[in-house]
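1. Quick one: sequence and predicted model below, then my questions.
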Amino acid sequence: MQRLIIVSLTWLSCLNLLSPARAATPTDAAPPAPPRGALYQVSDGRHTLLLFGTIHVGAPDFYPLEPKLQQALAVAPALALELDPQNSAAMQSAVQRYAVYPAGQQLLDQLDPALRERTRTTLQRFGMTPDNVQQLRPWMLAMALTVQEYVRHGYRTDLAVDSHLAATVRAHGGKVIELESADRQMGLFSKLTPAQQAQFLSDTLQELDDADLTRKLDRLVAAWRRADSADFAAALQEMQQDESFASRFAVQTLLRERNPGLAAGIAGLLRQQDKAVAAIGILHLVGPGSVPVLLEKQGLQVRQLY
């Protein structure tokens with residue numbers, strides 16, 4: 001099961017705003033970088049836009065990005081991201097609205113005895129105590145543990161690709177546009193009932209216990225490093241065949257329901273601005289209902305460059 005990985009690569013932009021953004025600085029001596037992620041060219045016959053597939057974690061060796069993308073970023077008048085990495089105030093507000101319990105309610109009190117004990121055991125393994133997380137709703141704890149799992153494997157949210165792209169564009173005075181909002185992303189989880197939130201946490205704890213998790217994490221990040229869209233498509237297909245609640249929620253809500261809005265925002269930017277860049281989680285770029293497919297259905301010319 002790769003639900004934890006898929007959700008992370010798709011949605012972690014929301015959680016990245018909770019950590020200080022620190023983009024990597026490429027060195028002049030670095031050799032030309034190979035293609036990473038996925039890159040599409042989108043055109044309406046008048047304007048052209050580059051659409052890049054990101055992951056929402058990072059590592060120093062992710063950078064520099066390949067020359068074609070770097071050159072486009074260096075002159076792009078605008079960059080469209082799911083969320084602006086600098087908009088931490090909106091994130092903090094959304095966290096308070098959707099991700100924490102009101103005063104008088106605590107996380108462990110909402111869980112059945114078996115899940116409560118599994119949660120305590122996992123927290124101990126991560127060097128955390130229940131007091132650290134008692135105000136978090138179960139889904140938010142699941143995502144926080146996902147972040148910690150990436151950190152344990154050497155990946156960093158402060159080097160997330162989104163932050164690097166935003167810093168590059170802002171360096172020459174370009175603007176950063178949000179395709180969604182923290183409130184919108186956090187609000188997706190408000191659809192979950194208390195029982196579903198507990199199941200989401202349970203599924204996450206199960207995956208964190210998977211002895212093969214390290215290999216799975218490295219496989220997906222390696223696929224991004226070498227621009228292997230086929231590997232991401234295979235991972236998405238595997239998740240679509242997984243009958244767990246968390247996988248169904250990730251496919252339906254975190255991918256399918258968001259893709260039309262992302263496509264509409266990108267198409268709107270293309271109509272208004274030439275030579276802009278848009279960057280979204282790479283899993284939004286694969287599959288029959290992907291953003292590139294939706295853009296083509298709007299009559300736009302879409303070509304995958306790598």
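-> Noted; the coordinates are in hand. Numbers count the residues shown, from 1 in each chain.

2. Which stretches in the stretch 51-200 of the chain count as strands?
-> Using DSSP state E, counting those that start in this stretch, the strands found in the stretch 51-200 of the chain span residues 78-81, 175-178.

3. Residue 235 and residue 221 touch, don't they?
-> No. Using Cβ atoms under 8 Å, residue 235 is not in contact with residue 221; the gap is 11.5 Å. C-betas here are computed from N, CA, C, even on glycine.

4. who's in contact with the residue nearest to residue 116 when sequence neighbours are not counted?
-> In this structure, residue 116 finds its nearest non-sequential neighbour in residue 108, 5.2 Å apart by Cβ to Cβ, 6 or more residues apart in numbering. The contact partners of residue 108, taken as Cβ atoms under 8 Å, 6 or more residues apart in numbering, are 116, 119-120, 130, 134.

5. Could you dump those residues into JSON lines and include distance to residue 38 and pLDDT?
-> Conversion of the contacts of residue 108 to JSON lines gives the following (distance: Cβ to Cβ, whole Å; pLDDT from 0 to 100):
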{"residue": "116", "distance to residue 38": "41", "pLDDT": "97"}
{"residue": "119", "distance to residue 38": "36", "pLDDT": "97"}
{"residue": "120", "distance to residue 38": "40", "pLDDT": "97"}
{"residue": "130", "distance to residue 38": "41", "pLDDT": "93"}
{"residue": "134", "distance to residue 38": "40", "pLDDT": "95"}
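
6. quick one: which of the residues you listed is nearest residue 173?
-> Using Cβ to Cβ, residue 134 is the member of those that sits closest to residue 173, with 44.2 Å.

7. How about the backbone phi and psi for the closest one?
-> Backbone torsions of residue 134, given as degrees, to the nearest 10, read phi -60, psi -20.

8. Over to residue 304?
-> phi -80, psi 120.

9. so who does it touch?
-> 38-40, 229, 292.

10. do that again at 6 Å, thanks
-> residue 40 (Cβ atoms under 6 Å, 6 or more residues apart in numbering).

11. which residues does it bridge with?
-> Residues in a beta bridge with residue 304, per DSSP bridges, are residue 40.
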